[in-house]
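# sequence unavailable; structure follows:
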């Protein structure tokens, strides 16, 4: 084998080994204001902040939270965001939904709305805020194609930061039970020697799982 090509392959193998050992770093914090607990006939709602701007919470993130909470050894009974919006129409449509947890308190004190919440058995509402953003990117990759074949060589990377917060509202007692925040960072790569190989970090998924696990403990840990 050509010594120069062999050197490049060895260097690429070392680079891939380094990249594959990378991981997503995450941090979970919580602030509790009241004792919590949920009965078998009570349900919880998970809602993403609804607004018409770039920081609207992705539906995929709230869906991930709900999938995590509704499964596992200690599932929490949930109703979907769509069902909740239908029951509380029109107060939780994107154009009219409260923008803060303080506004939630004012809204839930309305007798008509409180009756609808009681009928549905809703005990808690988790108000999710945050997003995933790309904070840095770089590197280079070139690809060629000819009658003799083709391939790619180089490395590109991008760093992402997923920061989310859940404000938990106790509908029965009309107060804020606490907040949980999740922050996860990770770097994804596409490295190629002939064939591009993606090495993808998933900070959004890590933030979802961390936030959901902590949210589960927060809600039913004292039951």
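Everything's here; your move. Note that the structure is a prediction, hence the values are computed from the model and not measured. Residues are numbered from 1 along each chain as shown.

# pLDDT below threshold where in the protein?
1-22, 50-56, 99-101, 146-149, 193-194, 222-223 (pLDDT under 70).

# do a quick rundown of the strands in it.
Using DSSP state E, the strands of the chain run over 25-32, 43-48, 78-79, 122-146, 149-170, 175-199.

# and those as CSV, adding mean neighbour count and distance to residue 111?
C-beta: built from backbone N, CA, C; applies to glycine. Listed next are these as CSV, based on neighbours: other Cβ atoms under 10 Å; distance: least, Cβ to Cβ, whole Å:
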stretch, mean neighbour count, distance to residue 111
strand 25-32, 14, 29
strand 43-48, 23, 19
strand 78-79, 18, 21
strand 122-146, 15, 15
strand 149-170, 18, 18
strand 175-199, 19, 18
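
# is it possible to get CSV of those strands that adds distance to residue 209?
Formatted as CSV, the strands of the chain follow (distance: least, Cβ to Cβ, whole Å):
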stretch, distance to residue 209
strand 25-32, 9
strand 43-48, 14
strand 78-79, 16
strand 122-146, 14
strand 149-170, 11
strand 175-199, 9
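
# what's the closest of the ones you listed to residue 109?
strand 175-199 (11.1 Å; Cβ to Cβ).

# which strands and helices sit next to that closest one?
Where contact means 3 or more Cβ pairs under 8 Å, 6 or more residues apart in numbering; DSSP states H and E, strand 175-199 is packed against helix 3-20, strand 25-32, helix 101-108, strand 122-146, strand 149-170, helix 203-220.

# out of these, which is closest to residue 69?
helix 203-220 (5.5 Å).

# list the buried ones in the closest one?
Neighbour-count burial for helix 203-220, counted by 16 or more other Cβ atoms under 10 Å, picks out 203-216, 218-220.

# please name whichever of the helices and strands packed on strand 175-199 is nearest to residue 187.
strand 149-170 (4.8 Å).

# and that closest one, how far from the chain's centre?
12 Å (Cα atoms, centre = their mean, to the nearest Å).

# neighbouring contacts of stretch 157-167?
57, 61, 65, 101, 126-139, 176, 179-190, 201, 203-204, 206-208, 211, 215 (Cβ atoms under 8 Å, 6 or more residues apart in numbering).

# state the distance from residue 210 to residue 173.
27 Å (Cβ to Cβ, to the nearest Å).

# residue 140 now?
57 Å.

# check residue 24 too.
Per Cβ to Cβ, residue 24 is found 36 Å from residue 173.

# so for those two, which sits in the more crowded spot?
residue 24 (19 against 11; other Cβ atoms under 10 Å).

# so the more buried one sits against residue 183, correct?
No - using Cβ atoms under 8 Å, residue 24 makes no contact with residue 183, being 10.7 Å away.

# nearest residue to residue 124 other than its sequence neighbours?
residue 44 (4.5 Å; Cβ to Cβ, 6 or more residues apart in numbering).

# partners of the one you found in the sheet?
With DSSP bridges as the criterion, residue 44 is bridged to residue 78, residue 124.

# what sits against it?
Applying Cβ under 8 Å, 6+ apart, the residues contacting residue 44 are 38, 69, 76, 77, 78, 79, 122, 123, 124, 125, 126, 219.

# so the first one touches residue 78, yeah?
It stands for residue 38. No - using Cβ under 8 Å, residue 38 is not in contact with residue 78, being 10.9 Å away.

# gap between the closest residue to residue 138 other than its chain neighbours and residue 137?
What sits nearest to residue 138 in space, not counting adjacent residues and going by Cβ to Cβ, 6+ apart, is residue 157, at 6.2 Å. Per Cβ to Cβ, residue 157 is found 7 Å from residue 137.
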